[in-house]
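Peer 1: this is a predicted model, with the sequence first.
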Amino acid sequence: MSEKAPYLRFQHKIAIVTGGCDGVGRGCVDVLAANGGTVVVFDINDETGSKLVSEGPGKIIYIHCDMTKENEIKKSIEETVKRCGKIDCLVNNVGSHPGAMAVDDISVQGFRDLLEINLVSTFTASKYALPYLRESKGCIVNISSNAASAAFKNSSTYCACKGGVSSLTRALAIDEAKYGVRVNSIAPGPVDTRLVKALMPVEEREFLAKCNNMNRFAQPREIGLTCLYLAVDATFTTGEEIMCTGGAEVGYGVKGGGLLV
């Protein structure tokens with residue numbers, strides 16, 4: 001390879017990223033496309049999706065897909081294979097957070113709705129993508145959360161959904177190993193996204209940044225780099241979860257922010 005030629009780690013590969021128009025999903029899209037891949041974004045943000053352009057030699061394709069609707073997911077996966085010929089990686093990223101609420105303020109229907117977008121969508125996309133991933137010996141990368149294991153105050157339904165994503169990851173990894181399909185997850189800590197900024201005032205974000213050993217928020221592309229690693233390099237890794245938290249889960253109390261009182 002010429003010294004001038006870039007080392008494209010995802011070249012000639014096809015990925016689907018759900019909820020890829022913004023936030024962590026966009027970070028994954030940008031990194032995979034920058035490394036030469038074709039990335040198909042499933043989202044409902046048509047205005048942003050129609051303008052997505054790869055910053056590198058790869059390609060981005062946008063497909064409108066409501067990830068709470070089984071038929072749309074199935075059709076979008078079929079459309080991806082029709083247009084691209086295969087699927088090498090499915091990144092189940094789409095998700096939401098209802099904001100901090102005590103259990104008394106959360107309706108049962110609200111919990112059901114959150115399960116649909118945060119957990120059932122992961123199962124549904126995996127179910128319909130797996131026949132193609134088995135053909136390519138591909139992989140699934142699920143975006144879970146530090147909330148799956150650490151839990152957060154006033155976030156019971158969100159934590160339950162993400163706990164389900166982590167457990168689904170491990171169980172699917174067992175079932176799919178015989179087909180050569182790897183299934184792993186990423187558990188981000190605080191990430192600098194528009195959703196976080198919308199849910200948290202500045203002072204809360206500043207406090208949260210001190211709750212990990214690196215004393216900052218992650219950037220979406222940093223999660224994308226971990227996604228690339230799991231998609232390309234972690235060839236003997238399945239059923240695992242990588243903690244992208246800045247070390248929030250190690251040590252005691254608030255990191256770098258003084259004593260807890």
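Peer 2: That came through fine. Numbers count the residues shown, from 1 in each chain.

Peer 1: and the closest residue to His97 other than its chain neighbours, which of the three is it?
Peer 2: With C-beta to C-beta, 6 or more residues apart in numbering as the criterion, His97 has its nearest non-adjacent residue at 5.2 Å, and that residue is Tyr158. C-beta: built from backbone N, CA, C; applies to glycine. State at Tyr158, reduced to three classes by DSSP: H, G, I helix; E, B strand; the rest coil: helix.

Peer 1: so what's the residue count around Tyr158?
Peer 2: Number of residues near Tyr158 (other C-beta atoms under 10 Å) recorded here: 25.

Peer 1: pLDDT value on it, please?
Peer 2: Looking at Tyr158, its pLDDT reads 96.

Peer 1: go ahead and confirm it touches Asn118.
Peer 2: Yes - between Tyr158 and Asn118 a contact is recorded at 7.2 Å, counting by C-beta atoms under 8 Å.

Peer 1: quick one, helices of this structure?
Peer 2: Secondary structure of the chain (DSSP state H): helices located at 23-34, 46-49, 70-84, 108-115, 121-136, 156-176, 194-199, 202-209, 220-228.

Peer 1: out of the ones you listed, which is the most enclosed?
Peer 2: Highest mean neighbour count among the helices of the chain (mean count of other C-beta atoms under 10 Å): helix 23-34, with a mean of 27.

Peer 1: what is that helix packed up against?
Peer 2: Secondary-structure packing of helix 23-34 (3 or more C-beta pairs under 8 Å, 6 or more residues apart in numbering; DSSP states H and E): strand 14-18, strand 38-43, strand 59-64, strand 89-92, strand 139-143, helix 220-228.

Peer 1: how about a cut-off of 7 Å?
Peer 2: strand 14-18, strand 38-43, strand 59-64, helix 220-228 (3 or more C-beta pairs under 7 Å, 6 or more residues apart in numbering; DSSP states H and E).

Peer 1: between it and helix 220-228, how many degrees?
Peer 2: Counting by axes from the mean of the first three to the mean of the last three C-alpha atoms, to 10 degrees, helix 23-34 points 60 degrees away from the direction of helix 220-228.

Peer 1: helix 23-34 to strand 59-64, inter-axis angle?
Peer 2: Per the same axes, to 10 degrees, the angle that helix 23-34 makes with strand 59-64 is 140 degrees.

Peer 1: how far off centre is stretch 184-201?
Peer 2: Relative to the chain's own centre, stretch 184-201 is displaced by 11 Å; criterion: C-alpha atoms, centre = their mean, to the nearest Å.

Peer 1: can you give me the end-to-end span of it?
Peer 2: Length of stretch 184-201, first residue to last, C-alpha to C-alpha, to the nearest Å: 32 Å.

Peer 1: stretch 90-98 now?
Peer 2: 25 Å.

Peer 1: rewinding a little: would you reformat the helices of the chain as TSV and include distance to Gly99?
Peer 2: Output for the helices of the chain, formatted as TSV (distance: least, C-beta to C-beta, whole Å):
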stretch	distance to Gly99
helix 23-34	16
helix 46-49	22
helix 70-84	26
helix 108-115	11
helix 121-136	20
helix 156-176	9
helix 194-199	5
helix 202-209	12
helix 220-228	20
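
Peer 1: quickly, which of the ones you listed bottoms out on average pLDDT?
Peer 2: Among these, helix 194-199 has the lowest mean pLDDT, at a mean of 86.
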